[in-house]
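Novice: just to be clear, the model below is a prediction. Sequence and coordinates:
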Amino acid sequence: MKSFFIIVASLVLFTGCTKDAVIVKKEVIPEVKSQIISPWPEGSREFHTALYFMRMAQDPNLRLRYQPENLFNICKCVLKQMEKDYEYDVFMAKFNNNLNPETQQYIYNATYGCSIQEVERMKKILPKIELKDML
C-alpha cells in the first residue's frame, strides 16, 4: 500500500511539472503622425539634426552598431517627427533645457521607432549570402 501511494504521488508530481509555458512577446512600434503643425524656421531642423547627431555619435555603443550615415538618418527621422509633433517655440521650451521624464520618454520612443525603420532599411540593402557561397 505504501509503495502504491509513493508511485501515485510521484506520477502526480511529475505530470504536474512537465507543463511547458509559452510566452509570446509582441513588439510595439510607436505611432508616427504625418501632419506638420507649423513649419520650423529655415535651417533650424538641420541645425538640431546636426546637434543630435553629434550627441549620438559620441556614444561608443552607437558607433559600433551603426555606420555614420545610418545614425544620421535616424537623427533626421527623429527631428522630422518632432517637427510634426511640436511647434518650434514649444520644442525649444521643452527640449532645450533640462528634460523631464515625459520628454525623455518621447525622445526614446521616437529614436526607437526611427532606429527600427533604419535597421529594416539596412537589412534590405545587405546582399543575400548563401551558405554554399561561403565555402
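Specialist: Ah, there it is. Given the structure is predicted, the values throughout are model-derived calculations rather than measurements. Numbering: from 1, shown residues only.
Novice: can you give me the distance of Gln58 to Asn100?
Specialist: Separation of Gln58 from Asn100 (CB to CB, to the nearest Å): 23 Å. In this view, the C-beta of every residue, glycine as well, is placed from N, C-alpha and C.
Novice: just Arg63 next, same as before
Specialist: Going from Arg63 to Asn100 by CB to CB gives 28 Å.
Novice: with Pro30 instead?
Specialist: 19 Å.
Novice: right, and Leu62 touches Phe53 too?
Specialist: No. Look at Leu62 against Phe53 with CB atoms under 8 Å: they stay out of range, at 10.3 Å.
Novice: overlap in contacts, the two.
Specialist: Contact criterion CB atoms under 8 Å, 6 or more residues apart in numbering; residues shared by Leu62 and Phe53: Leu71.
Novice: show me where the protein has helices.
Specialist: For the chain, helices defined by DSSP state H occupy the ranges 2-17, 44-57, 60-65, 68-85, 88-95, 101-125, 131-134.
Novice: thinking again about what came up before, comparing Arg63 and Asn100, which residue is more hemmed in?
Specialist: Using other CB atoms under 10 Å, the more surrounded residue of Arg63 and Asn100 is Arg63, with 13 against 10.
Novice: thought the more buried one was touching Ala57?
Specialist: Yes. Contact criterion CB under 8 Å: Arg63 and Ala57 qualify, at 6.6 Å.
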